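A.B. asks: please find the sequence and the predicted model below.
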Amino acid sequence: MSNLKRNGQLRWSPSYLRNRGQITRSQKRALRQWWPLYGISFRHDEVIRLDEHFNQNGPLVIEIGFGAGDHLVSLAKALPDHRILGIEVHRPGLAATTQKIHNAGITNARLMRGDARLILTDHLADRIADAFTIQFPDPWPKAGDAHRRLIQPGMVNVIAERLLPDGELLVITDVDAYAAHTSEVMSSVKNWTPTSYSRFNKHRIETNYEKKALAESRQISELSFQLKL
């Protein structure tokens, strides 16, 4: 978030609320203790070389907006030969996830804090990822807020710049309007093909949020796309 503004103007509208939830003392303690092991810090305009932060060189999966980290930790455990990179804005989720990574003894997961589009644009480079997963992004349901949705042509193009050829994008939502919005955006950008199934679907777990959505009879939409260059 350090350079989201340029010449005093926002480069794009953020897809998140800056202050969501209070961080507890125990979460602050977890961040102090475990962030040096599992977090990747960066300076203004610094480009990160991920191979300096992971202990292995397997396929890279990037999860954007991982919340409390349950799915990220489960994915890292299910795919020990993969590298899992999580990007999240909110400190409570980052703290909870560092603690869960440590408790699970996971060595193949790392976290970055900040605006995902900013990190992908300014702090990562080249085609490095095999897949992106985005679960239950904020739907911004009001008509005047639709421009703040994470899935936008600009964001999708940045994701495409970081994906290897034939890489995947998996979007999960419990909001029908967001599913329609995602399909519309993906059909408007080049080099993406809808697929009927993502190889990462079988590793998905029901997070607490998803369980609540199902209990309230909301339909879960799994939308997967493949980059064809």
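C.D. replies: Everything's here; your move. Numbering: from 1, shown residues only.
A.B. asks: helices along this protein, start to end?
C.D. replies: Secondary structure of the chain (DSSP state H): helices located at 25-38, 70-78, 91-104, 116-118, 153-162, 176-188, 208-215.
A.B. asks: ok, which of those comes nearest P137?
C.D. replies: When the helices of the chain are compared by CB to CB, helix 176-188 sits nearest P137, at 7.1 Å. C-betas here are computed from N, CA, C, even on glycine.
A.B. asks: got the CA coordinates for the closest one in PDB?
C.D. replies: Output in PDB follows, covering the C-alpha atoms of helix 176-188 (Å, rounded to 0.1, in the frame of the first residue of the first chain):
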ATOM      1  CA  ASP A 176     -24.600 -14.700  -8.100                       C
ATOM      2  CA  ALA A 177     -24.000 -11.100  -9.300                       C
ATOM      3  CA  TYR A 178     -20.300 -11.400  -8.700                       C
ATOM      4  CA  ALA A 179     -20.100 -14.700 -10.500                       C
ATOM      5  CA  ALA A 180     -21.800 -13.000 -13.500                       C
ATOM      6  CA  HIS A 181     -19.500 -10.000 -13.100                       C
ATOM      7  CA  THR A 182     -16.500 -12.300 -13.200                       C
ATOM      8  CA  SER A 183     -17.600 -14.100 -16.300                       C
ATOM      9  CA  GLU A 184     -18.300 -10.800 -18.000                       C
ATOM     10  CA  VAL A 185     -14.900  -9.400 -17.200                       C
ATOM     11  CA  MET A 186     -13.100 -12.600 -18.200                       C
ATOM     12  CA  SER A 187     -14.800 -12.700 -21.600                       C
ATOM     13  CA  SER A 188     -13.700  -9.100 -22.200                       C
END
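A.B. asks: now it, how far from the centre of its chain.
C.D. replies: Between the centre of helix 176-188 and the centre of its chain there are 18 Å (CA atoms, centre = their mean, to the nearest Å).
A.B. asks: please name every helix or strand in contact with that helix.
C.D. replies: helix 153-162, strand 163-173, strand 192-195, strand 221-227 (3 or more CB pairs under 8 Å, 6 or more residues apart in numbering; DSSP states H and E).
A.B. asks: one more pass at 6 Å, please.
C.D. replies: Counting contacts by 3 or more CB pairs under 6 Å, 6 or more residues apart in numbering; DSSP states H and E, helix 176-188 packs against strand 221-227.
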